[in-house]
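Chemist: Take a look and give me a structure for this.
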Amino acid sequence: MTAISPGIDKTDQADDYNERGISFFNLKKYPDAIKEFTKAIKLVGNDADYYYNRGLSYYSMKMYKEAMDDYRKATELNPDNPDYLNALGSVLEDTGDVDGAIEQFNRAISIENDVPDFYYNRGNAYYRKRELNSALNDYSMAIRLNSADQIFLFRRYKLFVEMRRPEDALNDIDALIKLSPSNIFFLKKRVETLMELKRNSEAEKTLQMAEEINPDDEELAKLRAALNPKEDSKE
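Modeler: Numbers count the residues shown, from 1 in each chain. Below you'll find the predicted structure:
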């Protein structure tokens, strides 16, 4: 049993365990974090944050069933917290219940409709269902709410490539390069997209930029060969 220190209210003691759990979590010491959150829950079993925090620790250890149980408990105790619903949606998607995940993301968005991560996560779920237009709408909303997040932009870029919309893909890769001008990976993707569009002179300029940053990159050499194939010199 969890002992209560003399003279300390059990709620305060539980908060102390919770804070210690958070410290361990931030250090990525997830088993230790779980122990502290469990102590808090044993003292105060109706605080949704304790279950949510323990759920985050389980999730970080890929213990999805345990995380799901804790997230569900958190949403039962506080059904109007969108972060809990979003977390539950994420673990449901990870375990294959994509429709269940979308339901939770919908609930989160209905409560707080200006959080980009909620749309991004729902977009990923729609993508898994191959509902590409719905995924695109959600990625676009996430970007509208936070245009500086490279993950959102790159995910939409990849979707545009898959949907064979290279002009739109180019716009997103250009936005990514604006955010990170020296990112070789993004420059490579720009070269590939420009080649897809048959805009080889622009691809050449971008390739030169990338080669100046890292002239020994083997993938750049392959792009160079694809962009400027050598003619067969044999007669």
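Chemist: contacts, neighbours, all on C-alpha from now
Modeler: Noted.
Chemist: list the buried ones in whichever helix or strand residue 104 is part of?
Modeler: Using DSSP states H and E, residue 104 maps to helix 98-111. Within helix 98-111, the residues scored as buried using 16 or more other C-alpha atoms under 10 Å are 98, 100-109.
Chemist: Over to stretch 205-217?
Modeler: Within stretch 205-217, the residues that count as buried by 16+ other C-alpha under 10 Å are 206-211.
Chemist: Touching that stretch from outside, list them.
Modeler: Stretch 205-217 has contacts (C-alpha atoms under 8 Å, 6 or more residues apart in numbering) with 182, 184, 187-188, 190-191, 220, 223-224.
Chemist: can you rerun that using 7 Å?
Modeler: Applying C-alpha atoms under 7 Å, 6 or more residues apart in numbering, the external contacts of stretch 205-217 come out as 184, 187, 191, 220.
Chemist: By mean pLDDT, point me to the weakest helix or strand of this structure.
Modeler: Across the helices and strands of the chain, mean pLDDT, DSSP states H and E gives its lowest value to helix 218-227, namely a mean of 92.
Chemist: Distance from that helix to the middle of the chain?
Modeler: 30 Å (C-alpha atoms, centre = their mean, to the nearest Å).
Chemist: contacts for it?
Modeler: By C-alpha under 7 Å, 6+ apart, helix 218-227 touches residue 211.
Chemist: Let's see that with 10 Å instead.
Modeler: 184-185, 187-188, 191-192, 195, 200-201, 203-204, 207-208, 210-211, 214-215, 228-229 (C-alpha atoms under 10 Å, 6 or more residues apart in numbering).
Chemist: hang on, the earlier thing: return the closest of the buried residues of stretch 205-217 with respect to residue 91.
Modeler: Taking C-alpha to C-alpha as the measure, residue 210 is the one of the buried residues of stretch 205-217 closest to residue 91, at 38.6 Å.
Chemist: angle of the helix or strand where that closest one lies against helix 218-227?
Modeler: Mapping residue 210 onto the secondary structure by DSSP H and E places it in helix 200-213. Counting by axes from the mean of the first three to the mean of the last three C-alpha atoms, to 10 degrees, helix 200-213 lies at 160 degrees to helix 218-227.
Chemist: Appreciated, that's everything.
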